[in-house]
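**Q** Sequence below, structure please.
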Amino acid sequence: MNVVLAGGGTAGHIEPALALADALRRRDPSVVVTALGTARGLETTLVPARGYELDLIPPVPLPRRVSGDLLSVPFRLRRAVREARDVLRRREAHVVVGFGGYVALPAYLAARHRVPVVVHEANARPGLANKVGARWAARVATTYPGSGLRGAEEVGLPLRAAVSSLPPRAAHREAGRRAFGLDPALPTLLVTGGSQGARRINDAVTAAAGTLAAGGVQVLHATGAKNAEDVRRSLAAQGLSGEAPPYVAVPYVERMELAYAAADLALCRAGAMTVAELTAVGLPAVYVPLPIGNGEQRLNAVDVVVAGGGLLVDDAELTGAWVGANVLPLLRDPAALETMSLAAASCGRPDAADALAAMVESVAS
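**A** Reported below is the predicted structural model:
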């Protein structure tokens with residue numbers, strides 16, 4: 001079986017595609033999986049690092065406003081579709097699996113009437129590429145219900161095996177805290193704004209650093225490489241090194257599964273991947289949706305919050321004072337955290353990669 005994955009650009013598109021690739025190989029080592037991407041996306045490093053081949057086509061971003069660039073879109077799209085069609089022919093593709101983004105639309109158009117398509121939508125609100133591809137897809141999979149895509153089947157978001165196999169977190173807690181030099185006995189807050197970090201989150205939590213430390217809480221903070229120095233300066237002004245408990249700040253966390261195991265609560269954005277991973281491992285969270293785009297981050301988190309597995313706070317309302325008044329009391333209440341953990345886990349789908357792999361296999365066959 002030859003499978004071509006189309007989901008380049010951002011980690012939110014690439015990681016689910018790679019998780020699916022891993023699941024397909026686990027289920028049948030003879031499966032040949034290749035990825036379709038562009039030279040400007042993260043896939044140029046992430047895909048080869050995971051052991052998969054990558055074919056490149058020209059990117060076709062859609063302008064956010066009416067301009068001269070809009071006139072060139074049909075010509076660039078036509079070229080991208082032609083090159084994607086060449087890839088499908090050369091790879092002898094039996095199925096194309098798209099995850100949205102710049103790469104997916106040319107792939108869907110290239111596959112139409114030639115190769116069956118499976119569409120996966122990560123967010124609660126679908127993007128343009130997946131809205132188009134879903135019109136003729138053989139199967140449509142979603143992470144959340146109510147996407148509006150025709151014939152959609154809810155399967156969850158494919159996750160790396162290291163994350164989906166983590167539960168129960170308590171069994172890995174000591175190893176997780178040891179990996180980051182944390183105190184094994186202190187309640188732990190994990191702070192992350194994604195791979196690039198989030199300035200609003202960084203500023204609010206560092207402003208509350210002294211309050212959290214005085215309250216007996218330690219912090220593991222993934223700052224984002226560009227923000228690391230600012231965070232260190234803010235911590236130093238409060239007499240904290242940022243290199244040892246009660247506050248450990250790192251630019252980037254390579255093994256998030258260990259960070260999840262170490263934590264009792266997360267404070268983070270509400271991207272689809274973040275929400276899916278946290279619920280899969282049963283880690284409660286304070287979600288701070290990104291205040292731009294089409295509002296999908298709030299929608300990604302709302303079901304978890306309604307179930308009792310997290311809190312929602314608007315980006316503009318997140319301050320050091322808010323963290324001290326709301327996050328600190330929660331971290332000092334083990335019973336409340338346990339209840340939230342069970343609620344978060346009830347929303348998780350650690351089996352999503354295998355569920356989507358079974359769907360892809362049925363279409364290819």
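**Q** does residue 135 really touch residue 150, like I thought?
**A** Yes: assessed by CB atoms under 8 Å, residue 135 is found in contact with residue 150 at 7.0 Å. Heads up, the C-betas are built off the backbone N, CA and C, glycines and all.
**Q** Stretch 280-291 - what's its average pLDDT?
**A** Regarding stretch 280-291, the rounded mean pLDDT is 96.
**Q** what about that stretch, how long is it end to end?
**A** 25 Å (CA to CA, to the nearest Å).
**Q** Would you mark the buried spots in that stretch?
**A** Residues of stretch 280-291 classed as buried by neighbour count (16 or more other CB atoms under 10 Å): 280, 281, 282, 283, 284, 285, 286, 287, 288, 289, 290.
**Q** So the third one is in contact with residue 342, correct?
**A** So that's residue 282. Yes: the criterion here is CB under 8 Å, and residue 282 meets it with residue 342 at 7.0 Å.
**Q** got the domain boundaries for this protein?
**A** 2-159+350-364, 166-346 (automatic domain parsing).
**Q** can you tell me which of these the model trusts least?
**A** With a mean of 92, domain 2-159+350-364 has the lowest mean pLDDT of those.
**Q** Now the two most distant members of the buried residues of stretch 280-291.
**A** 282 and 290 (23.7 Å; CB to CB).
**Q** which residues touch residue 216?
**A** By CB atoms under 8 Å, 6 or more residues apart in numbering, the contact list for residue 216 reads 186, 187, 332.
**Q** Look up the closest residue to the second one, ignoring the ones flanking it.
**A** Take residue 187 and drop its neighbours on the chain: the residue closest to it by CB to CB, 6 or more residues apart in numbering is residue 331, 4.5 Å away.
**Q** Could you do the first one as well?
**A** With CB to CB, 6+ apart as the criterion, residue 186 has its nearest non-adjacent residue at 4.3 Å, and that residue is residue 218.
**Q** circling back to that earlier point, and for the residue nearest to residue 187, the neighbour number?
**A** The number of residues packed around residue 331, counting by other CB atoms under 10 Å, is 22.
**Q** Next: residue 162.
**A** Residue 162: 12 neighbours (other CB under 10 Å).
**Q** State the three-state secondary structure for it.
**A** Three-state call for residue 162 (DSSP: H, G, I helix; E, B strand; the rest coil): helix.
**Q** who touches the residue lying closest to residue 28 once chain neighbours are set aside in this structure?
**A** Of all residues not flanking residue 28 in the chain, residue 1 sits nearest, at 7.0 Å (CB to CB, 6+ apart). When contacts are counted by CB under 8 Å, 6+ apart, residue 1 touches 24, 28, 30, 31, 32, 94, 95, 361, 364, 365.
**Q** What of residue 356?
**A** Taking CB under 8 Å, 6+ apart as the test, what residue 356 contacts is 20, 23, 97, 118, 120, 141, 155, 158.
**Q** Looking at neighbours, which among the residues you listed is most surrounded?
**A** residue 97 (34 neighbours).
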